[in-house]
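>>> Below are the sequence and a predicted model for it; my questions follow.
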Amino acid sequence: MHTRARRKVSKVYASSLWRRLSGRVRRRARGACEQCGEPARRLEVHHVDAIGDGGDPFPHVRQLIALCAHCHGLRHGRVSTSRREWRRHVADAIPAEPEPAIIGGFY
Ligand SMILES: [Zn+2]
């Protein structure tokens, strides 16, 4: 994604509308990834239609999905390993909860 689109995206995530919208999606997920069903302390809300591809930044909640860091990484092509390998990788990198930064950005 080029710089202008990236700036637009960061504005979306800083907005109060996004916080409300993503909060609804997280509550719907009830602490489990909506793709793999694994309980996750941290859920990342993913746009089914990427903003960078012209998707609505604030779509209906049906167009948003709460994902664990592993499934979110898979969707964005940042992660290609199995969950088991990925866990081992993350555990080696940092002892605590994985920060999205280490898998390359938060969306
Ligand atoms: Zn998942």
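Now that the structure is in, tell me what you want to look at.
>>> which regions of this structure lie under the pLDDT threshold?
1-5, 89, 91-107 (pLDDT under 70).
>>> Tell me what the residue nearest the centre of it is bridged to.
The residue lying closest to the centre of the chain (Cα atoms, centre = their mean) is residue 44, at 3.4 Å. Residue 44 has the following beta-bridge partners by DSSP bridges: residue 67.
>>> I'd like to know how many residues surround residue 22.
Residue 22 sits with 18 neighbouring residues when counted by other Cβ atoms under 10 Å. To be clear about C-beta, it is placed using only N, CA and C from the backbone, and glycine gets the same treatment.
>>> wouldn't it be in contact with residue 65 here?
No. Residue 22 lies out of contact with residue 65 (Cβ atoms under 8 Å); the separation is 10.7 Å.
>>> Mutual contacts of these two, please.
Residues touching both residue 22 and residue 65 by Cβ atoms under 8 Å, 6 or more residues apart in numbering: residue 45.
>>> okay, now residue 66: neighbour count?
Number of residues near residue 66 (other Cβ under 10 Å) recorded here: 25.
>>> hang on, it packs against residue 27?
No. Using Cβ under 8 Å, residue 66 makes no contact with residue 27, being 9.0 Å away.
>>> My read is that residue 44 contacts residue 69, right?
Yes. Counting by Cβ under 8 Å, residue 44 does reach residue 69; the two are 6.3 Å apart.
>>> residues from this protein in reach of the ion?
Applying Cβ under 5 Å from the ion, we find that the chain lies next to the ion at 33, 35, 36, 68, 71.
>>> Thanks a lot, see you next time.
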